[in-house]
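A.B. asks: got a structure for you, letters missing:
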């Protein structure tokens, strides 16, 4: 079975499950909407990361799983967000997300990962990210609360973790844009600033403080792996380190975002 057939059947199977889940799942408040909309930003980057890793034979089985589950999650959440959309502008923006998502998904699924399509992926993921971010910012503005802002900032950290890993893997494969190092450094600075904002939040509970401390420790390992990008020696092992540490920090930041959501 070729790659397209394999993924197609996997997504179909997961998709059928998603339809059943969607029948009972719904977004119940604005902070949950901000969380899920922010997660769409992350998924746009995580999908590209997984594609690039598969193309280079890095953590192949895990990367396949990440790609398949991320595809299903993006589509399920897009449906939930369209149903919840609180304003005409937000509904319109989600429509734009959907249009660009269909183009992005087509390239992700059409062929086995290859360098030519990877360069297209590096453009399309940015377009989906930009629109998903606009939709999330709309929801935060509509919320008008400090907690909504914290959910957005925390959720954005998830995206940045995957964005940095994506740029790293693209550079490793020779499909990165010319300004990849500047973009990676910008994402790094944004992540550090986001951590400072969250750590200074007066509403932090003891558990959130503990989880932020864990995330800070994970960031040290992740940042160290990212900084090995110019080292030719042990390049594959460094790429594996980026793949695994990016998933750990993603998991922790996802949990923190949920904790902020629950505070409301």
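C.D. replies: That came through fine. Just so you know, these numbers come straight off a predicted model, no measurement behind them. Numbers count the residues shown, from 1 in each chain.
A.B. asks: OK, contacts around the spatially most central residue of the chain?
C.D. replies: Nearest to the mean C-alpha position of the chain, counting by CA atoms, centre = their mean, stands residue 42 at 1.6 Å. Contacts for residue 42 (CB atoms under 8 Å, 6 or more residues apart in numbering) come out as 155, 158, 159, 161, 162, 250. For glycine as for every other residue, the C-beta is placed from the backbone atoms N, C-alpha and C.
A.B. asks: same thing but 6 Å
C.D. replies: Residues in contact with residue 42 (CB atoms under 6 Å, 6 or more residues apart in numbering) are 158, 159, 162.
A.B. asks: Could you give the number of residues near the nearest residue to residue 129 once chain neighbours are set aside?
C.D. replies: Residue nearest to residue 129 in three dimensions, not counting chain neighbours: residue 44, with 4.4 Å by CB to CB, 6 or more residues apart in numbering. Neighbourhood size, residue 44 [other CB atoms under 10 Å]: 29.
A.B. asks: What distance do you get for residue 44 to residue 220?
C.D. replies: 26 Å (CB to CB, to the nearest Å).
A.B. asks: what stretches of the stretch 101-250 of the chain score poorly on pLDDT?
C.D. replies: Along the stretch 101-250 of the chain, the parts satisfying pLDDT under 70 run over 229-232.
A.B. asks: cutoff 90 now
C.D. replies: Judged by pLDDT under 90, the stretch 101-250 of the chain has its weakly predicted residues at 228-236.
A.B. asks: which residues in it form helices?
C.D. replies: Under the criterion DSSP state H, counting those that start in this stretch, the stretch 101-250 of the chain contains helices at 115-143, 146-173, 180-199, 206-226, 235-263.
A.B. asks: Could you say which of those helices is packed most deeply?
C.D. replies: helix 146-173 (a mean of 25; mean count of other CB atoms under 10 Å).
A.B. asks: that older thread, ok, so of the contacts of residue 42, who is nearest residue 213?
C.D. replies: Using CB to CB, residue 158 is the member of these that sits closest to residue 213, with 17.5 Å.
A.B. asks: dump the residue contacts of residue 239.
C.D. replies: 58, 172.
A.B. asks: Tell me how far it lies from residue 56.
C.D. replies: Using CB to CB, we find residue 239 at a distance of 7 Å from residue 56.
A.B. asks: How about residue 82?
C.D. replies: Counting by CB to CB - residue 82 and residue 56 are separated by 35 Å.
A.B. asks: When those two are compared, which one has more neighbours?
C.D. replies: residue 56 (22 against 15).
A.B. asks: Might you report the residue contacts of that one?
C.D. replies: Contacts of residue 56 (CB under 6 Å, 6+ apart): residue 173.
A.B. asks: For it, what are phi and psi?
C.D. replies: Main-chain torsions, residue 56, degrees, to the nearest 10: phi -100, psi 0.
A.B. asks: Pull out the buried residues from stretch 59-74.
C.D. replies: 59, 63, 64, 66, 67, 68, 69, 70, 71, 72, 73, 74 (16 or more other CB atoms under 10 Å).
A.B. asks: For the helix or strand that contains the residue nearest to residue 129, give the mean pLDDT please.
C.D. replies: Per DSSP states H and E, residue 44 falls inside helix 30-55. What helix 30-55 shows for mean pLDDT is 98.
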